[in-house]
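Enquirer: got a predicted structure here, sequence first:
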Amino acid sequence: MSADAESTLEGWDPGPVEGAALVDVIERAFDYRGDVTLTLDDGRQLDGYLFNRNREVAEPFVQVFERGESAPSTIPYARIRAIRFTGKDTAAGNSYAAWLHRRQAAKAASDT
């Protein structure tokens, strides 16, 4: 995965994760502005928006607004086997760098 500021996690599937890799993928999912799919230890797949996480408690957890549900779900880290970035990245291309690039391109086009 590129460290480029304009890269997106949309479509990324890091495969099964555990330990430090799981913590890293959860942090990326928390920052992601799209839905993710969690695969749980019982094989269930949960689609939704991961909006909160806490690893500083006795049983670390994530909270997800699950698609089709009215209340958020709380899922312990220990139950998560994989996280896929399946939803559209609503923030892709909306950074200041992307805006500046578009502005410069428009200015160059109008100068010709």
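Expert: Noted; the coordinates are in hand.
Enquirer: quick one: low-confidence ranges for the chain?
Expert: Along the chain, the model assigns pLDDT under 70 to residues 1-6, 91-99, 112.
Enquirer: what residues sit buried inside stretch 50-65?
Expert: Under the neighbour-count criterion of 16 or more other C-beta atoms under 10 Å, stretch 50-65 has 50, 53, 60-65 buried. Heads up, the C-betas are built off the backbone N, CA and C, glycines and all.
Enquirer: out of those, flag the one nearest to E27.
Expert: Nearest to E27 among these: R53, at 7.6 Å, using C-beta to C-beta.
Enquirer: what strand or helix carries the closest one?
Expert: strand 45-54 (DSSP states H and E).
Enquirer: partners of that strand in the sheet?
Expert: strand 36-40 (antiparallel), strand 61-66 (antiparallel) (DSSP bridges).
Enquirer: could you dump those to TSV with distance to T90?
Expert: As requested, the strands paired with strand 45-54 are arranged in TSV below (distance: least, C-beta to C-beta, whole Å):
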stretch	distance to T90
strand 36-40	13
strand 61-66	14
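Enquirer: out of these, which comes closest to R103?
Expert: That would be strand 36-40 among the strands paired with strand 45-54, by C-beta to C-beta, at 31.8 Å.
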